[in-house]
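Asks: below are the sequence and a predicted model for it; my questions follow.
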Amino acid sequence: MKIGKKGISFIVLMLFCISFVVGCGSGDKKPAGAEKQPEKIVLRFGHTTSTETPTHKGAQYFADKVKEKTNGRVEVQIFPGGQLGGEKAQLEGLMAGTHDFHLGTQAPLSNWLPQFMALDLPYLISSEQQADKILNGEVGKYLLSLLPSKGLYGLGWGENGFRDFTNSKRPLFTPDDLKGLKIRVMENKLMIDTFKLWGCDPTPIPFPEVYTALQQKTVDGQENPAILIEKSRFYEVQKYLSITHHFYSPLILYASKVTMDKLPEDIKKAIFEAGAEACEYQKKVLREDNAKAVAVMEKAGIQVNRLTPEQMKVWADTSRPIYEMYKDKMGADIYEKVMAAVKAN
């Protein structure tokens, strides 16, 4: 059969259309093994200290470990320096699910869980080793088990350290030396009552505002572990550092229960593992840095007052009424558990 020029043109056109359709279809096919990747999960982590502190280093270690353990599926963004609020505000944010992680003290928890006041008792813990045994033991596990009832998970215990006083007026060797001084404190009723017992005027101020409050003489002094005093440069606006070690201050790596309960189980497991590892790392860094902090500040010009064991015993003895005052408020059961653990360790 003879095909004319018009017929040939039509056939060529049809072949072109078929090849175009086939070509487009083949472009939609995905190579073997190229299934759609899960969408990246971005979570927010807040704390109240500067980027130079062991707290921030612990937060960064946690973020890196989460990324590693989830093969990059989870990104943890860190907001230091109180960008997400003070400690109490950040805990409220976790409870509401407005952000996801926080590394901070346990002191504000007493606003919701009075059992945590048991760790706030003055001169309760005398060494880092004793703290480890208590917090890694029955007492620490029990306290963390209370957090889900308030919308939180505790991924582990970190460390803030033993708290010391700075002020702009005079050295502190006995509680009487505190009388008449206005001291910035945390939002914690037991601690506030302890300072009142010692004769000062305790003034709660969020941590990110402390430097300005000291600089402007809104308060005469403050109390914190040496490493935080140094890294926050409080020694620039204070004259005296007194090594009183009046409270031992642990940290907790908190997670929002609202957030965690939405995550796949494998991601949740990875976060818990990363949290435990980050707490151990943070404690190691804290203890190394804390040992150097006093010397750094002394070299910078602050006057350091090192109390003798006999002088510290006076502080401890003067604070004993707080134990009886708060025994029933925190609950006799946890009080007895903590006292037994302290005695055993």
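Replies: Cool, the structure landed.

Asks: would you list the phi and psi of the residue sitting nearest the centre point of the chain?
Replies: Note on the chain: the residue nearest the mean C-alpha position is Leu103, at 1.3 Å, using Cα atoms, centre = their mean. When quoted as degrees, to the nearest 10, the phi and psi of Leu103 stand at phi -110, psi 110.

Asks: where exactly do the helices run in the stretch 151-300 of the chain?
Replies: 189-198, 210-215, 226-231, 257-260, 265-300 (DSSP state H, counting those that start in this stretch).

Asks: quick one: contacts for Lys217?
Replies: Ser168 (Cβ atoms under 8 Å, 6 or more residues apart in numbering). For every residue, glycine as well, the C-beta is placed using N, CA and C.

Asks: do the same with Ala226
Replies: If a contact means Cβ under 8 Å, 6+ apart, then Ala226 has 161, 164, 241, 243, 290, 293-294, 297 as its contacts.

Asks: quick one: it from Phe165, how far?
Replies: Ala226 sits at a distance of 11 Å from Phe165 (criterion: Cβ to Cβ, to the nearest Å).

Asks: residues shared between the contacts of the two?
Replies: In contact with both Ala226 and Phe165: Leu241, using Cβ under 8 Å, 6+ apart.

Asks: what ranges in the stretch 1-150 of the chain fall below the confidence cut-off?
Replies: The model of the stretch 1-150 of the chain has pLDDT under 70 over residues 1-37.

Asks: now with 80, please.
Replies: Within the stretch 1-150 of the chain, the stretches falling below the threshold (pLDDT under 80) are 1-38.

Asks: and the strands in the chain?
Replies: 41-46, 74-79, 101-105, 152-167, 182-185, 201-204, 221-225, 240-243, 248-256, 303-306 (DSSP state E).

Asks: for the residue nearest to the centre of the chain, what are its contacts?
Replies: By Cβ under 8 Å, 6+ apart, the neighbours of Leu103 are 45, 47, 55, 58-59, 62, 158, 251-254, 282.

Asks: next: Pro80.
Replies: With Cβ under 8 Å, 6+ apart, Pro80 has these contacts: 46-51, 56, 59.

Asks: quick one, phi psi at it?
Replies: phi -80, psi 180.

Asks: repeat for the one 5 residues further on
Replies: In this entry, Gly85 is assigned phi and psi values of phi 110, psi 180 (degrees, to the nearest 10).

Asks: for it, which non-adjacent residue is spatially closest?
Replies: Among residues not flanking Gly85 along the chain, Gly93 sits closest, at 6.7 Å (Cβ to Cβ, 6 or more residues apart in numbering).

Asks: so the one you found makes contact with Gly46?
Replies: Yes. At 7.4 Å, Gly93 counts as touching Gly46 under the criterion of Cβ atoms under 8 Å.

Asks: of the two, who's got more company?
Replies: Taking other Cβ atoms under 10 Å, Gly93 and Gly46 do not tie; Gly46 has more neighbours (27 against 18).

Asks: residues touching the more buried one, list them.
Replies: Gly46 neighbours (Cβ under 8 Å, 6+ apart): 78-80, 82-85, 90, 93, 99, 101-102.

Asks: just the buried residues from the residues you listed, in PyMOL please.
Replies: In PyMOL, this line selects whichever of these come out buried by 16 or more other Cβ atoms under 10 Å:
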select buried, resi 78+79+80+82+84+85+90+93+99+101+102
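
Asks: just name the closest of the contacts of Gly46 to Ala344, please.
Replies: His102 (31.0 Å; Cβ to Cβ).

Asks: name the residues of stretch 65-74 that are buried.
Replies: Per 16+ other Cβ under 10 Å, stretch 65-74 contains these buried residues: 65-67, 69-70, 73-74.
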